[in-house]
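Undergrad: Below is the sequence, then the predicted model.
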Amino acid sequence: MNSRGYRLASESGITSVEMVVATAIFASVFLFTLGYLFTIVHRERMKTAVREIYSLTLASRMQAVKRDSNVVLQIDIANRELTSWADVPPANFVRDASEPILNVYRVPGYVSFRALAGPLDGPNSIAFDGYGGEVSLVDRLVFRSNGSLLPPQAANSRPAARPAAFTSDVPAGSVNCRSAACRGIFLADRAADGPSRNLFRISVDDFARVGKASLLKWLPPEQGGNSGEWDFVPPPWKWVD
């Protein structure tokens, strides 16, 4: 820069060093904002997908009462699809050609059907199995005409336990799924196991046979969950990004 150019820059109040510093600050703020926006989008789309499935669970119960008939909500993991239908008498918990489809929902690709590592991993990602003595009837919820849940019979599909202690992080309404017998629809934002993912559980009739559905999120001990437990808690939720 010649002396005249330097004088002009000085007179304007901005030097070359100041310009470099300002540019660096602007770039840092931009990158931080971009990362924050990505985090918000990631959370919101996951919450939207989980709430869609939760809403479909509630709608299936409502349809059972409205139609005075069993309504089945089946989760097809392979095709990533949830389908509900009215199971007209005699109920067989399988959709026959004459039975109308009530709702269909395609699960987005960023949602993983995965549960916790250990007893809840793998095939128990959807734990509503066994009806009418048929072990092949899996991955489906059956609501009766009075709105209650027809209890699944498989050993892996029992209600959750109560947490050993309620705290500010594990409030009333939380459940403990440490046991392998813990039914639910388990949905995560990552396929990998461990505390580095956000894992949700949708279930029905945790502590009473009234057909009440719940939407809870896993709280590992590292985030405030009880030691030795797999606690799922109601909102407000803690997130891993």
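TA: Happy to help now that I have it.

Undergrad: Flag every buried residue along stretch 59-67.
TA: Within stretch 59-67, the residues that count as buried by 16 or more other Cβ atoms under 10 Å are 59-61, 63-65. C-beta: built from backbone N, CA, C; applies to glycine.

Undergrad: do the same with stretch 159-166
TA: 159-161, 163.

Undergrad: Inside strands: which ones of those residues?
TA: Per DSSP state E, strands hold no members of the buried residues of stretch 159-166.

Undergrad: from those residues, which single one is nearest L150?
TA: Nearest to L150 among the buried residues of stretch 159-166: P159, at 13.5 Å, using Cβ to Cβ.

Undergrad: if we can go back for a sec, identify those among the buried residues of stretch 59-67 that sit within helices.
TA: Under the assignment DSSP state H, those contribute 59-61, 63-65 to helices.

Undergrad: re the thing from before, pick the one among the buried residues of stretch 159-166 closest to K212.
TA: Using Cβ to Cβ, the buried residues of stretch 159-166 come closest to K212 at P159, 11.3 Å.

Undergrad: Run through the residues that contact that closest one.
TA: P159 makes contact with 182-183, 203, 205-207, according to Cβ atoms under 8 Å, 6 or more residues apart in numbering.

Undergrad: likewise D87?
TA: By Cβ under 8 Å, 6+ apart, the contact set of D87 is 69-72, 93, 95, 99, 142.

Undergrad: ok, now how distant is it from R95?
TA: Counting by Cβ to Cβ, to the nearest Å, the gap from D87 to R95 is 8 Å.

Undergrad: Please convert the contacts of P159 to JSON lines, extending it with neighbour count and secondary structure.
TA: Shown next, in JSON lines, are the contacts of P159 (neighbours: other Cβ atoms under 10 Å; DSSP: H, G, I helix; E, B strand; the rest coil):
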{"residue": "C182", "neighbour count": "27", "secondary structure": "coil"}
{"residue": "R183", "neighbour count": "26", "secondary structure": "coil"}
{"residue": "S203", "neighbour count": "26", "secondary structure": "strand"}
{"residue": "D205", "neighbour count": "18", "secondary structure": "coil"}
{"residue": "D206", "neighbour count": "22", "secondary structure": "coil"}
{"residue": "F207", "neighbour count": "13", "secondary structure": "coil"}
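
Undergrad: Can you tell me which of the residues you listed is closest to Q223?
TA: Nearest member of the contacts of P159 to Q223, counting by Cβ to Cβ, is C182, at 19.3 Å.

Undergrad: wait, that closest one sits on R162?
TA: No - when contacts are counted by Cβ atoms under 8 Å, C182 is not listed as touching R162 (12.0 Å).

Undergrad: Nothing else from me, thank you.
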